[in-house]
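Chemist: Sequence first, then the predicted structure:
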Amino acid sequence: MAASALLQINIPEWITRNEPSFVPPVCNKLMHGDGQLKIMFIGGPNVRKDYHIEEGEELFYQIRGDMVLKIIEKGQHKDVVIKEGEIFQLPSRIPHSPQRQANTVGLVIERERYEHETDGLRYYQEGTTDPLWEKWFYCHDLGKQLGPVIKEYFASEEHKSGKPPDGKVFPDPPVKLDTTTEVTPPVTLAEFLSNVKPNSISPLFGKGELRVEVVKGAGAKHGPCQTKPG
């Protein structure tokens, strides 16, 4: 899809037209997958126990309703509440599990994977950070690929028993998990925009891979956000 065509998309109309795609277990519809950025919208209800691991950052923006992003931060379980109108940047290599309720819609932006990179889907033993089951794969369309992996887990003995086979030792994952970063809380986008001065470019997220800037012209109430790989 060409950039000029992408700019002409009416987001509310696109969401309404694609509502049938927002069904469990993934509820994910990719809007733009060509080039460096992958832009998708995700609905609900979508409450899962799997944790996604990837080598790039992710950007979350809640358009309708609130969501909870469960993460493993510094070796501990943590809930990040992203309310309607809030935007959140998730650092790379942090296991995360989005929890969405019915009648909610969120925007998620990821960067394109490099050929040598691997995504993972991991389930943890109840109440711990010990792995129960995991699958590693090259990701080109998460919305289409997660469903079969989730079904594979539900058919596994680990799912039935709630524990890995006796004596099983998990090999070191192909991705080195981030066990030291403390995430930055979500930001209310409207509040941030109201403080941007005319004729200026203000970084919303200026560090890391996905750098988000707000461009505001003279006399404008607020300008567009532009997202680009760092």
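Modeler: It's in.

Chemist: what's near enough to touch I72?
Modeler: Contacts here follow C-beta atoms under 8 Å, 6 or more residues apart in numbering; on that basis I72 touches 51, 78, 94-96, 129, 177. Glycine gets a C-beta too; all of them are placed from N, C-alpha and C.

Chemist: Next, give me the two most distant ones among these.
Modeler: Spanning the widest gap among the contacts of I72 are K78 and L177, at 14.2 Å by C-beta to C-beta.

Chemist: how about the helices in this structure?
Modeler: Taking DSSP state H as the criterion, the chain contains helices spanning 3-7, 11-17, 142-154, 157-161, 189-194.

Chemist: residues of the fourth one that come out buried?
Modeler: By 16 or more other C-beta atoms under 10 Å, the buried positions in helix 157-161 come out as E158.

Chemist: What is it packed up against?
Modeler: When contacts are defined as 3 or more C-beta pairs under 8 Å, 6 or more residues apart in numbering; DSSP states H and E, helix 157-161 sits against strand 131-137.

Chemist: Just the buried positions in the strand it packs on, please.
Modeler: Buried residues in strand 131-137, counting neighbours by 16+ other C-beta under 10 Å, are found at 131-135.

Chemist: Same check on stretch 77-92?
Modeler: 80, 82, 85-92.

Chemist: and that stretch, C-alpha only, in CSV?
Modeler: Extracted in CSV, the C-alpha atoms of stretch 77-92 (Å, rounded to 0.1, in the frame of the first residue of the first chain):
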residue,chain,number,x,y,z
HIS,A,77,4.4,-9.7,37.0
LYS,A,78,3.0,-6.2,36.5
ASP,A,79,-0.2,-4.7,35.1
VAL,A,80,0.0,-1.6,32.9
VAL,A,81,-3.4,0.0,32.6
ILE,A,82,-3.8,2.0,29.3
LYS,A,83,-6.9,4.1,29.5
GLU,A,84,-8.9,5.4,26.5
GLY,A,85,-7.0,8.2,24.9
GLU,A,86,-3.6,7.1,26.4
ILE,A,87,-0.5,6.1,24.5
PHE,A,88,2.2,3.8,25.7
GLN,A,89,5.6,2.7,24.4
LEU,A,90,6.7,-0.8,25.3
PRO,A,91,10.4,-1.5,25.2
SER,A,92,11.7,-4.4,23.3
